[in-house]
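A.B. asks: Give me coordinates for this.
(chains A and B)
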2 protein chains.
Amino acid sequence: MEKLKRYVSVKDEDHFYQQGAVELLIFNFLLILTILTIWLFKNHRFRFLHETGGAMLYGLVMGLIIRYGTKSPDVESGTVYECEKLRSGPSTLLINITNQVYEYQYKREISHHNVNGHQGNAMLQKMTFDPPIFFNILLPPIIFHAGYSLKKRHFFRNLGSILTYAFLGTAISCVVIGLIMYGFVKAMVHIGQLKQWEFHFTDCLFFGSLMSATDPVTVLAIFHELDVDTDLYTLLFGESVLNDAVAIVLTHSISIYSPKENPNAFDAAAFFQSVGNFLGIFAGSFAMGSSYAVVTALISFMHLTKFTKLCDFPVLETGLFFLLSWSAFLSAEAAGLTGIVAVLFCGVTQAHYTYNNLSADSKRRTKQLFEFMNFLAENVIFCYMGLTLFTFQNHIFNPLFIFGAFVAVFVARASNIYPLSFLLNLGRKQKIPRNFQHMMMFSGLRGAIAFALAIRDTGSRPRAMMFSTALLLVLCTVWVLGGGTVPMLAWLHIRVGVDPDEDLKAKAASQSASNLDKNTTKAESAWLFRIWYGFDHKYLKPLLTHTGPPLTSTLPEWCSPVARLLTSPSAYGDQLKDGDTVYIIENDELTENHESSAHRPVPVQDSTGSIQATSTEDLQEGDLGLGGYKLQLQHTAGQPQKNSLA
Amino acid sequence: MEKLKRYVSVKDEDHFYQQGAVELLIFNFLLILTILTIWLFKNHRFRFLHETGGAMLYGLVMGLIIRYGTKSPDVESGTVYECEKLRSGPSTLLINITNQVYEYQYKREISHHNVNGHQGNAMLQKMTFDPPIFFNILLPPIIFHAGYSLKKRHFFRNLGSILTYAFLGTAISCVVIGLIMYGFVKAMVHIGQLKQWEFHFTDCLFFGSLMSATDPVTVLAIFHELDVDTDLYTLLFGESVLNDAVAIVLTHSISIYSPKENPNAFDAAAFFQSVGNFLGIFAGSFAMGSSYAVVTALISFMHLTKFTKLCDFPVLETGLFFLLSWSAFLSAEAAGLTGIVAVLFCGVTQAHYTYNNLSADSKRRTKQLFEFMNFLAENVIFCYMGLTLFTFQNHIFNPLFIFGAFVAVFVARASNIYPLSFLLNLGRKQKIPRNFQHMMMFSGLRGAIAFALAIRDTGSRPRAMMFSTALLLVLCTVWVLGGGTVPMLAWLHIRVGVDPDEDLKAKAASQSASNLDKNTTKAESAWLFRIWYGFDHKYLKPLLTHTGPPLTSTLPEWCSPVARLLTSPSAYGDQLKDGDTVYIIENDELTENHESSAHRPVPVQDSTGSIQATSTEDLQEGDLGLGGYKLQLQHTAGQPQKNSLA
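C.D. replies: Alright, predicted model coming up:
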């Protein structure tokens, strides 16, 4: 009997394994389909459906099949049991059923209204994987990749505008959505679709903050493919990257905003606490992310100067790089900060410092690894989004709420872009033209972050409603706005096929032609960043990488023993006078890169000796905006320096 | 009130996320430590501790800290509840506790004896991740990498011996361990440590089969580093790779062997059913794995011949390659076959056919990706093994059983290697010398597969005992035998620093000198493989890759329209006469490779234009044994062909 029972148990286990394999296989199958479709589309230059849109579509179809093609095999589904002795929900529950002890693991708390017949469908259950997987495994590579592949020189040229859109814009968007939704919620309460106490203004703000995370991945992919004007690209890319970070921290701050008494009344203390939370979490995450990157840079730097070389073991080097970057995310999460923000700034800092210290092999490896992981994670997420429309069991689709959300998102985007662009144009030499503003307005897609924030908690009725609405918004914006990008570009007469380097040079030239006075140009680049750049170039870069002037020349006299110790031997080639800081800001990021980009189209020669021209796509993506690295190469080669002529 | 509860729930959720992040962070931290240690050791040429051993050690220490450093916070721990209405264990359990519905997910069935106070320690719980993660995510990359990096020409030279060790040897080992353990179990029953009905002979055989999976990863890494004699390397590598597959299928067959009546009596029908199962599952998995590889080859082949080129999008290509290979594993698991076997042969076939069709960029990408994944997965697994020694809650360490297992494993290895080597030496021209046999005996480490098989089911008392014993065996063999590899090599006078190509050439030369009669040499290579090689070269390679003669010349006259359609334009350069089959077997895999290896040390030129010599390690690992690919390169270059001279 015991024996027999054991065999049954073994077979159960096998079934359990098979189930796991089937779920993963379904995802694999969907991704393979997506890749094949995208490849077909790329060949025929169809641009109305991006890979993420395709993944979502296939996910949707598969969700439909799973929902209506599989039946709920569990008779017990939807039954709620009572255990009299139990007083609280333990993390592990041991239950004795007909003399056999079963172990159950706590999954979540659900409201009574969520209990329904689909609860027991194991297939549906399995396909709805845990939000922690989303947050801890799928999102970090996407965000890190965004930070790692940020085109720094264009980014810094537009930094002021990007920061304005990201911080001020997201706050505006959050408040506008919150207010409009509060109106709709009041209306719903009025016609009896909601109960008064269910939905507070803070809930509306919460919805506003999560809906403020834009994700124009589809639009940016098309921009990249068509070589749309670099300033527009940078504005959108920078905004969306930073805006994700802001929206996440904002959501977090709002969710822990707990006024003492009436949740609808304004509580100043609690409000300022939330603002403090926001600032604290943002700064903390930023510090956490960059410090991990600095540690990585130091480790990889040490190895090059000392006799022990980590770069002789590219797998170890890549592994360390990968693990430390992921740790930045995890540490921030573990410390109660937001990992996404940490991993974003970790990526930016890694690209700025660590990348320079890596061996050529590891440079390529890390770039390709993160590119690949980004590709997979992105498509899995979008696939999953399509899937959840049918497989998630507790959707609440309320037509009025959905309509309200669409209106709110549209209005909020408009009151973010147009007023801010107007204000920015007052200060900018290079105005943001009208058609760029329309395009930015149009590119307000919602994507992975909004979805991930919404799925974190779907236990209560308002949260479930928010989740369903967010999902619909994501689906619609990705398909409709993503598909309409190319016609929109044509309609707005936005020029395509721009070479970013040529573009920058031309703009700089026209600028210096119009402003003959150099001081005007100088005043334009914010003083804060001039100081930062000087500091970075003179102290941080030499300390953390092999570029820049030796510390012996930049540090004061009395520091020279320390400086000698810390300076890389290869840095001595790069002598820079003190007054060159201005030159660096104006030209370093521009000219050096442009000059070095002439070296780039050298075909990659692989180890078998065959010469294969790298694809244009690869070349463009290869630009990590690392002016410093090119600099170093030229120095070691002992060529005459532009810098020293300045 | 409702509101307040929701805030509490939000905070619970956050705590839940933090927990997940902390677990992952611990693993990251352990891996980072491992990498730093290994890098240090590699620099000082310490070879007594391999990275896997280091990972295991750190895991052990961390397990100790978690076990005794964290306390069980849950008051409810170890309490078994009764639910009267429940008749069977549903996959999802909804429980009403103080008017709040909680959702619990089925984890496993446990025996009463396993219920203990540590059950509720959430930290311990979390660190013990699910066996399905092991099987579906961590193992496939390791096994695939083994198949993908198999050095084919050396492998095929020793194929007969490898198959003998892998199939016959594993069967012998399984039976010998089973018999010895049965003796020890009888003794344990006699002295009252076990109950009669708990442990049957089939359980002993089950233990024997899972303990027969050898994993000399540590030894092979050292062999690789020291360039130990290639034949020894190939014998060990080939044996361990195939032996894993055999042991897994064997374990599966034994676990589903269910004699009708007395489980101790021999039931011929059930026995033959198990043998049939074994053969069926093995063949099925083999077919599944290779067919996925063939599909991949066909897709990547199609794209090159038609105007649409997948190789223009290396990320898509790599993604497809990765997903299809993983799907081979998952499909096999979903179909009730063994995924490990499928993914192994998928790897071998991918290297043989698909690799030739990939773009140069994707070749490098796939190789590096799998290398990296293998590195990470391997270290995570070994880290986890160290961890489980303390974090797993239901260990049963029985001294007698453990002692028995050590004796059994030793005796079984001896009765596998020595008798089989003796038999093989009767037939082999190139004898397996005595010191090689001792080294193979010594390299019988147990590793990831044995552990993974043991952890699949730890519900019952015998299985828990097996798991604990297997874990101890893995730890001891990896540290003791792994650490003793270098002294052992010196003690056995096994030569190191051998260049594989030179070695093979020298051996071939000495062979042909001693056997002037060509027919003797011919008879040596098994006829089956001669036929297979001819078939492969004449039909499969031209069909699936761009190498080999055009199908138009190898297929009969009446097939020519089909042949023209299927032949790659680049294949026409390679004209081969019909009688050349023998030449291919004797020389193709040898000389062509050697010749082309002269091309290999061309330094890799990266896109930035800097010339960086590839490390020796990289060069050696870069050898995927792909003679066909080098052949193609030479053909397209229009050089005079060795083949056509033959």
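
A.B. asks: Mind listing residues that contact the helix or strand hosting residue A:206?
C.D. replies: Following DSSP states H and E, one finds residue A:206 within helix A:201-211. Residues from elsewhere that reach helix A:201-211, judged by Cβ atoms under 8 Å, 6 or more residues apart in numbering or on different chains: A:170, A:173-179, A:181-182, A:185, A:247, A:250-251, A:254-255, A:257, A:259, A:263-264, A:405, A:408-409, A:412, A:446, A:450, A:453-454, A:462, A:466, A:469-470, A:473. (C-beta placed from N, C-alpha, C; glycine too.)

A.B. asks: Filter these down to just the ones in helices.
C.D. replies: A:170, A:173-179, A:181-182, A:185, A:247, A:250-251, A:254-255, A:405, A:408-409, A:412, A:450, A:453-454, A:462, A:466, A:469-470, A:473 (DSSP state H).

A.B. asks: ok, which of those residues also contact chain B?
C.D. replies: Residues of the ones in helices among the contacts of helix A:201-211 in contact with chain B (Cβ under 8 Å from any Cβ of the partner chain): residue A:255.

A.B. asks: Write out the residues of the stretch 301-450 of chain A neighbouring chain B.
C.D. replies: A:303, A:307-310, A:312-316, A:318-320, A:322-324, A:326-327, A:329-331, A:333-334, A:336, A:339, A:359-361, A:363-365, A:368-369, A:371-372, A:375-376.

A.B. asks: Show me the shaky parts of chain A.
C.D. replies: A:1-19, A:71-94, A:96-101, A:103, A:105-132, A:258-266, A:301-312, A:500-530, A:545-646 (pLDDT under 70).

A.B. asks: Skipping adjacent residues, who's closest to residue A:408 in space?
C.D. replies: Excluding the flanking residues, the one nearest residue A:408 by Cβ to Cβ, 6 or more residues apart in numbering or on different chains is residue A:180, at 3.8 Å.

A.B. asks: what's near enough to touch that neighbour?
C.D. replies: The contact partners of residue A:180, taken as Cβ under 8 Å, 6+ apart, are A:404, A:407, A:408, A:411, A:412.

A.B. asks: all strands of the stretch 151-300 of chain A, in order?
C.D. replies: For the stretch 151-300 of chain A, applying DSSP state E, counting those that start in this stretch gives no strands.

A.B. asks: Please name the nearest non-neighbouring residue to residue A:257.
C.D. replies: Nearest non-adjacent residue to residue A:257 (Cβ to Cβ, 6+ apart): residue A:274, at 4.3 Å.

A.B. asks: State the distance from the one you found to residue B:479.
C.D. replies: 53 Å (Cβ to Cβ, to the nearest Å).

A.B. asks: Show me which of those two is the more surrounded one.
C.D. replies: residue A:274 (22 against 19; other Cβ atoms under 10 Å in any protein chain shown).

A.B. asks: I'd like the distance between the residue nearest to residue A:257 and residue A:38.
C.D. replies: 42 Å.

A.B. asks: Not counting its own residues, what contacts stretch A:378-388?
C.D. replies: A:27, A:30-31, A:34, A:51-53, A:55-63, A:66, A:127-129, A:134, A:138-139, A:142, A:217, A:447-448, A:451-452, A:455, A:471, A:474-475, A:478.

A.B. asks: what about 7 Å?
C.D. replies: Contacts to stretch A:378-388, defined as Cβ atoms under 7 Å, 6 or more residues apart in numbering or on different chains, come from residues A:27, A:30-31, A:34, A:51-52, A:55-60, A:62-63, A:127-128, A:138, A:142, A:217, A:448, A:451, A:471, A:474.

A.B. asks: just stretch A:442-453 next, same as before
C.D. replies: So stretch A:442-453 is contacted by A:134-135, A:139, A:142, A:210-211, A:213-219, A:236, A:244, A:247-248, A:251, A:381, A:385, A:413, A:470-471, A:473-474, A:477-478, A:481-482, A:488 (Cβ under 7 Å, 6+ apart).

A.B. asks: Report the spatially nearest residue to residue A:219, omitting neighbours in sequence.
C.D. replies: Nearest non-adjacent residue to residue A:219, counting by Cβ to Cβ, 6+ apart: residue A:443, 4.4 Å away.

A.B. asks: next one: phi and psi at the one you found?
C.D. replies: phi -80, psi 20 (degrees, to the nearest 10).

A.B. asks: quick one: the helices in the stretch 101-250 of chain A?
C.D. replies: A:122-127, A:131-133, A:139-148, A:152-157, A:159-163, A:170-190, A:201-211, A:217-226, A:230-255 (DSSP state H, counting those that start in this stretch).

A.B. asks: Out of those helices, which gets nearest to residue B:345?
C.D. replies: Counting by Cβ to Cβ, residue B:345 lies closest to helix A:122-127 out of those; the figure is 28.0 Å.

A.B. asks: ok but residue A:396 is inside a strand, no?
C.D. replies: No: under DSSP: H, G, I helix; E, B strand; the rest coil, residue A:396 falls outside any strand and is assigned coil.

A.B. asks: Next, give phi and psi for it.
C.D. replies: Dihedral angles for residue A:396 - degrees, to the nearest 10 - are phi -130, psi 100.

A.B. asks: What's the separation between it and chain B?
C.D. replies: 16 Å (Cβ to the nearest Cβ, to the nearest Å).

A.B. asks: Tell me which residue in the stretch 101-250 of chain A sits closest to chain B.
C.D. replies: Going by Cβ to the nearest Cβ, chain B is nearest to residue A:104 of the stretch 101-250 of chain A, at 3.7 Å.

A.B. asks: how near is that residue to residue B:134?
C.D. replies: Residue A:104 is 21 Å from residue B:134, by Cβ to Cβ.

A.B. asks: now swap in residue A:28 and tell me
C.D. replies: Taking Cβ to Cβ, one finds residue A:28 at 18 Å from residue B:134.

A.B. asks: and if you look at residue A:203?
C.D. replies: From residue A:203 across to residue B:134, the span is 41 Å (Cβ to Cβ).

A.B. asks: Looking only at neighbour counts, state which of the two leads.
C.D. replies: residue A:203 (24 against 19).

A.B. asks: tell me the contacts of the residue nearest to residue A:184 when sequence neighbours are not counted?
C.D. replies: Spatial nearest neighbour of residue A:184, chain neighbours left out: residue A:404 (3.3 Å); criterion: Cβ to Cβ, 6+ apart. Residue A:404 makes contact with A:180, A:181, A:184 under the criterion Cβ under 7 Å, 6+ apart.
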